[in-house]
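Engineer: The sequence and its predicted three-dimensional model are supplied below.
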Amino acid sequence: MKFGGNIKNLLKQAEKVKEQMEKLQAEAGERIVEASAGGGMVTAVAKANGELISVQIEPTIVNEGDIEMLQDLITAAVNETLNRGREIMKEEMAKAATGFGLPPGLI
C-alpha cells in the first residue's frame, strides 16, 4: 500500500514539474532577441520561441541593387537571431532543471 501511495505522490510531483517547465518555456519564448549582419545593414528581431517579428534593412543597401547580397544578409541576420533565441531557451530550461533538482543537461 505504501508503495502505491509513493508512486501517486511521485506522479503528482512530476506533473507539477511538467506544468512549471511549460510555463517557464512559454515565458522564455516571449523574450526578444536581435541580430545584425553586414555591419548592421540588416537587422532581424524575433522572439526566443522562433517567431520572427521584423527585419530592418538599411536603405543604402537597397540602392546598391545587389539583391543576392541582400538576400544573404537577411538570411544571416535571421539565422543568428533564431540561434540566439534557441540559446536563451536552452539556458532558461537548464536553470529551471537545476532549480527542480534535476541534473544539468537532462532537459
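Structural biologist: Received, thanks.
Engineer: Now the longest helix seen in the chain: buried residues?
Structural biologist: Longest helix of the chain, by residue count under DSSP state H: helix 67-99. Within helix 67-99, the residues that qualify as buried are 70, 73-74, 76-78, 80-82, 84-85, 88-89, 92-93, 96-97, counting by 16 or more other C-beta atoms under 10 Å. The C-beta positions use only the backbone N, C-alpha and C, and glycine is treated the same way.
Engineer: Please apply the same query to stretch 39-47.
Structural biologist: 41, 42, 43, 44, 45, 46, 47.
Engineer: What ranges in the chain fall below the confidence cut-off?
Structural biologist: Within the chain, the ranges that satisfy pLDDT under 70 run 1-5, 102-107.
Engineer: can you rerun that using 50?
Structural biologist: For the chain, applying pLDDT under 50 flags the ranges 1.
Engineer: Correct me if wrong: residue 84 contacts residue 36.
Structural biologist: No - look at residue 84 against residue 36 with C-beta atoms under 8 Å: they stay out of range, at 11.3 Å.
Engineer: if we can go back for a sec, select from the buried residues of stretch 39-47 every entry located in strands.
Structural biologist: 42, 43, 44, 45, 46, 47 (DSSP state E).
Engineer: Out of those residues, which comes closest to residue 17?
Structural biologist: Closest to residue 17 out of these is residue 47 (24.3 Å), distances taken as C-beta to C-beta.
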